[in-house]
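Participant: Predicted structure and sequence below. I'll ask about it afterward.
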Amino acid sequence: MSFVILCISGLIEVLANAILVKSNGFKRYKLGILALILVVISFLLLSTALSMGIKLSVAYVLWGSIGIIGSVVTGFFLKQRLRLIGYIGIVLILVAVVILKS
């Protein structure tokens, strides 16, 4: 259950990042405030997962990986492109997460 909460936390962080982009630098302040609220919720869920027994080193890597990969996917839909080195970095992150989980 703790890993489910951790994954939800990561997905909420991705949503917060996407909404933050749409807030256009807080010019659309309601979206900016919503993004901040989602970040707080994400951290609260991360804290909950940690209190359920996940080690901080594993939780932070997984949470961050979900955030990074999710932000890249979201960026793709928002027409933000990565260079080759960015995609190589994503593959390395995925490999690291698989190694940590095994």
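Facilitator: Done, it's in. Numbers count the residues shown, from 1 in each chain.
Participant: contacts, neighbours, all on C-alpha from now
Facilitator: Fine.
Participant: In space, not sequence, find me the middle residue of this protein.
Facilitator: In the chain, the centroid-proximal residue (C-alpha atoms, centre = their mean) is Gly67; its distance is 1.8 Å.
Participant: So it is in contact with Ala16, correct?
Facilitator: No: using C-alpha atoms under 8 Å, Gly67 is not in contact with Ala16, being 9.8 Å away.
Participant: returning to that earlier point: which helices and strands does the helix or strand hosting the residue nearest to the centre of the chain pack with?
Facilitator: Element membership for Gly67 (DSSP states H and E) is helix 56-77. Contacts defined by 3 or more C-alpha pairs under 8 Å, 6 or more residues apart in numbering; DSSP states H and E place helix 56-77 against helix 2-22, helix 29-51, helix 84-101.
Participant: And it, what's buried?
Facilitator: Residues of helix 56-77 classed as buried: 59-60, 62-72, 74-75 (neighbour count, 16 or more other C-alpha atoms under 10 Å).
Participant: mind checking the backbone torsions on the residue of the chain positioned farthest from its centre?
Facilitator: Using C-alpha atoms, centre = their mean, the residue of the chain lying farthest from its centre is Lys27. It sits 23.0 Å away. Dihedral pair for Lys27: phi -70, psi -30, per degrees, to the nearest 10.
Participant: Isn't Ser9 up against Val40?
Facilitator: No: between Ser9 and Val40 there is no contact under C-alpha under 8 Å: 9.9 Å.
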